[in-house]
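>>> What follows is a predicted structure for the sequence shown.
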Amino acid sequence: MSLFRRIFLLNAAGLTVATALLLGPVTVSTPILPGEALVVVLGLALMLVVNGFVLRIGLAPLQRLGRAMAAADLTHPGARAPVTGPAEVAELITTYNTMLDRLETERATSSARALSAQEGERRRVSQELHDEVGQTLTAVLLQLKRVADRVPGELRDEVSQTQEAVRGSLDEIRRIARRLRPGVLEELGLHSALRSLTGEFTTHGLSVAHHLDADLPPLNEEAELVVYRVAQEGLTNTARHAGADRAELRLRRVPDGVELLVRDNGRGPGRVREGAGITGMRERALLVGAAFSLGPAPGRGTDVRLRLTTVGGSLRQLPAATSTGAAPPTGAAPPTGAAPPTGAAPRTGPPTATAGAATPTPAPTDTPTVSEGDR
């Protein structure tokens, strides 16, 4: 029964009873007697109680819809209001749920485009830093070497200091370029990239261990990039904000897919406000239909989890991410000018995984640690 018909019939019943009392043998004296006043008051109270009860039942779905609308968050997709109640209310709730589906799809599409543009810009800046600034500094070093061979002895120390300063700047430029573009991910695979990442973050005061399952289901390039960036941002937050001395990175097979865990023994998340880094991790997870969570670790510290669900051995991915080419591979041409590999099959890493404190992998282009924002 529709909401309109319910309210109409309720009001009609009340008016019918009132009319029947007026036309019936029941009379009201003037002035009204106490017994008659009691009957009128009780009848009015009964009608109000019945009216309120019926309206509460009829409008309860609207109250639930209002709570669902107030709690809606596009960064936590999937929550929908239950379709219940009269026909008009059920149609309204269905329309609202359809609107949420469309908004989530549009948000995923726009996020995919933004992150794809971001990765492309990182690739371009990394290539220009290496090809332009790096080559210029290399030329300056060569010129300084020639000058050092000719200057008088009293100036040779100053020239050597200048050489060291330029050499340090060149190393810093190369390091920034490697951070901007995870070339190791494209060239050596996800396992090697994660091992290199943990090695990069293993510094004085922080020890990072890694545990990587070897028998992971196949992941496409978008999923590998999401896993890498989330691990990168999680370790960046650990190094900058957690005050931890130990951290671990786990990538393991779970019954319904793959799970990434970044755990530290720091001060814990507390009532942290989500900044650009956490928001970026959450949006990247949405691109591949993954579940992202951040919470306290057992005992103390912080857990960052990313779970990618696979269906039939392949990654389940949102339509928006696939339709827009979300988060394409970010490897530009290697610094030596060789063309990047294309059409490579998805990688799952080497046959064995290692654990313990990691050490940097000796690859010339594989130590990216760029942050997407603070926690």
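It's in. Residues are numbered from 1 along each chain as shown.
>>> Surely residue 305 touches residue 254?
No. Residue 305 is beyond contact range of residue 254, at 10.5 Å (criterion: Cβ atoms under 8 Å). Where C-beta positions appear, they are placed from N, C-alpha and C, glycine not excepted.
>>> Which one's more surrounded, the two?
residue 305 (19 against 13; other Cβ atoms under 10 Å).
>>> Give me the phi and psi angles of the more buried one.
Residue 305 adopts backbone torsions of phi -120, psi 140, taken as degrees, to the nearest 10.
>>> That one: what's it in contact with?
Residues near residue 305 by Cβ atoms under 8 Å, 6 or more residues apart in numbering: 259-261, 291-294.
>>> This protein: helices as residue ranges?
3-23, 34-71, 87-128, 135-150, 153-180, 183-188, 190-201, 221-237, 276-287, 319-324 (DSSP state H).
>>> can you list the ones you listed in JSON lines and add mean pLDDT?
What follows is the helices of the chain, written out as JSON lines (pLDDT from 0 to 100):
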{"stretch": "helix 3-23", "mean pLDDT": "74"}
{"stretch": "helix 34-71", "mean pLDDT": "80"}
{"stretch": "helix 87-128", "mean pLDDT": "82"}
{"stretch": "helix 135-150", "mean pLDDT": "86"}
{"stretch": "helix 153-180", "mean pLDDT": "84"}
{"stretch": "helix 183-188", "mean pLDDT": "77"}
{"stretch": "helix 190-201", "mean pLDDT": "87"}
{"stretch": "helix 221-237", "mean pLDDT": "87"}
{"stretch": "helix 276-287", "mean pLDDT": "81"}
{"stretch": "helix 319-324", "mean pLDDT": "38"}
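>>> okay, those in JSON lines with distance to residue 270 and mean neighbour count next?
Below are the helices of the chain laid out as JSON lines (distance: least, Cβ to Cβ, whole Å; neighbours: other Cβ atoms under 10 Å):
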{"stretch": "helix 3-23", "distance to residue 270": "45", "mean neighbour count": "13"}
{"stretch": "helix 34-71", "distance to residue 270": "22", "mean neighbour count": "13"}
{"stretch": "helix 87-128", "distance to residue 270": "27", "mean neighbour count": "16"}
{"stretch": "helix 135-150", "distance to residue 270": "43", "mean neighbour count": "13"}
{"stretch": "helix 153-180", "distance to residue 270": "28", "mean neighbour count": "15"}
{"stretch": "helix 183-188", "distance to residue 270": "32", "mean neighbour count": "24"}
{"stretch": "helix 190-201", "distance to residue 270": "22", "mean neighbour count": "24"}
{"stretch": "helix 221-237", "distance to residue 270": "13", "mean neighbour count": "25"}
{"stretch": "helix 276-287", "distance to residue 270": "13", "mean neighbour count": "21"}
{"stretch": "helix 319-324", "distance to residue 270": "32", "mean neighbour count": "17"}
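>>> want to throw these into CSV with distance to residue 213?
Shown next, in CSV, are the helices of the chain (distance: least, Cβ to Cβ, whole Å):
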stretch, distance to residue 213
helix 3-23, 54
helix 34-71, 36
helix 87-128, 26
helix 135-150, 41
helix 153-180, 26
helix 183-188, 17
helix 190-201, 9
helix 221-237, 12
helix 276-287, 20
helix 319-324, 24
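>>> what about these, which gets the closest to residue 248?
Smallest distance to residue 248 across the helices of the chain (Cβ to Cβ): 8.6 Å, for helix 190-201.
>>> now stretch 173-184, how far from the centre of its chain.
Per Cα atoms, centre = their mean, to the nearest Å, the displacement of stretch 173-184 from the mean C-alpha position of its chain is 23 Å.
>>> Let me have that stretch in PDB, keeping just the CA atoms, if that works.
Extracted in PDB, the C-alpha atoms of stretch 173-184 (Å, rounded to 0.1, in the frame of the first residue of the first chain):
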ATOM      1  CA  ILE A 173      69.100  14.500  -9.000                       C
ATOM      2  CA  ARG A 174      69.400  10.800 -10.000                       C
ATOM      3  CA  ARG A 175      67.800   9.800  -6.600                       C
ATOM      4  CA  ILE A 176      64.800  12.100  -7.200                       C
ATOM      5  CA  ALA A 177      64.400  10.800 -10.700                       C
ATOM      6  CA  ARG A 178      64.400   7.200  -9.500                       C
ATOM      7  CA  ARG A 179      61.800   8.100  -6.800                       C
ATOM      8  CA  LEU A 180      59.500   9.800  -9.300                       C
ATOM      9  CA  ARG A 181      59.500   6.800 -11.700                       C
ATOM     10  CA  PRO A 182      59.500   3.200 -10.300                       C
ATOM     11  CA  GLY A 183      61.500   1.800 -13.200                       C
ATOM     12  CA  VAL A 184      62.400  -1.300 -11.200                       C
END
